[in-house]
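**Student:** Provide a 3D model corresponding to the input given below.
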Amino acid sequence: MSLFERVRLALRRRSPGPGATPIHVDDPAFDSWEVVRDFGDVRTARAWHQALEEAGIAAVLTADWPLDRYGHGDVALRVRGEDWSEAEFHLSNMD
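**Tutor:** Numbering: from 1, shown residues only. A predicted model of the protein is given here:
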């Protein structure tokens with residue numbers, strides 16, 4: 001295996017960075033998840049999402065409507081109901 005192939009495989013195995021975090025638009029699968037924070041732009045929302053993921057708290061980003069071409073809109077950071085207090089505690093210490 002060449003060095004190039006090893007690097008390519010290593011990059012493929014990495015999890016996506018915060019810029020690749022999907023925004024679930026009008027997805028009823030996450031309606032039961034609790035909203036921890038609301039954001040006006042996707043860049044900020046992804047940064048806070050990454051903070052929760054690094055803390056080991058499962059989180060998703062949702063929006064009721066598609067964002068504009070600049071990534072602005074109403075983006076909600078959601079966690080499972082049982083994780084809400086832990087997520088809130090973690091994020092409130094970051095403010």
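
**Student:** In contact with Ala63, which residues?
**Tutor:** The contact partners of Ala63, taken as Cβ atoms under 8 Å, 6 or more residues apart in numbering, are Ile23, His24, Val25, Asp26, Gly73, Asp74, Val75, Ala76. Yep, even glycine has a C-beta here, placed from its N, CA and C like the rest.

**Student:** hmm, try it at 6 Å
**Tutor:** Ala63 makes contact with Ile23, Val25, Gly73, Val75, according to Cβ atoms under 6 Å, 6 or more residues apart in numbering.

**Student:** before we move on, what about Ala87?
**Tutor:** Counting by Cβ under 6 Å, 6+ apart, Ala87 has contacts Val36, Leu52, Ile57, Val79.

**Student:** please redo it, this time with the cut-off set to 7 Å
**Tutor:** Applying Cβ atoms under 7 Å, 6 or more residues apart in numbering to Ala87 gives the contacts Val36, Leu52, Ile57, Ala59, Val79.

**Student:** What of Arg78?
**Tutor:** By Cβ under 7 Å, 6+ apart, the neighbours of Arg78 are Phe30, Trp33, Glu34, Val35, Val36, Ala59, Val60, Thr62.

**Student:** The third one contacts Asp83, correct?
**Tutor:** It refers to Glu34. No - Glu34 is beyond contact range of Asp83, at 8.0 Å (criterion: Cβ atoms under 7 Å).

**Student:** where does this protein dip in pLDDT?
**Tutor:** 1, 4, 6-19, 95 (pLDDT under 70).

**Student:** After the longest helix along the chain, heading C-terminal, what element do we hit next?
**Tutor:** Secondary structure of the chain per DSSP state H: the longest helix is helix 42-54. Downstream of helix 42-54, the next assigned helix or strand under DSSP states H and E is strand 59-63.

**Student:** tell me the angle of that next one relative to helix 42-54?
**Tutor:** 160 degrees (axes from the mean of the first three to the mean of the last three Cα atoms, to 10 degrees).

**Student:** The contacts of Ala63 into CSV, with extra columns for neighbour count?
**Tutor:** Shown next, in CSV, are these (neighbours: other Cβ atoms under 10 Å):
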residue, neighbour count
Ile23, 19
Val25, 14
Gly73, 18
Val75, 25
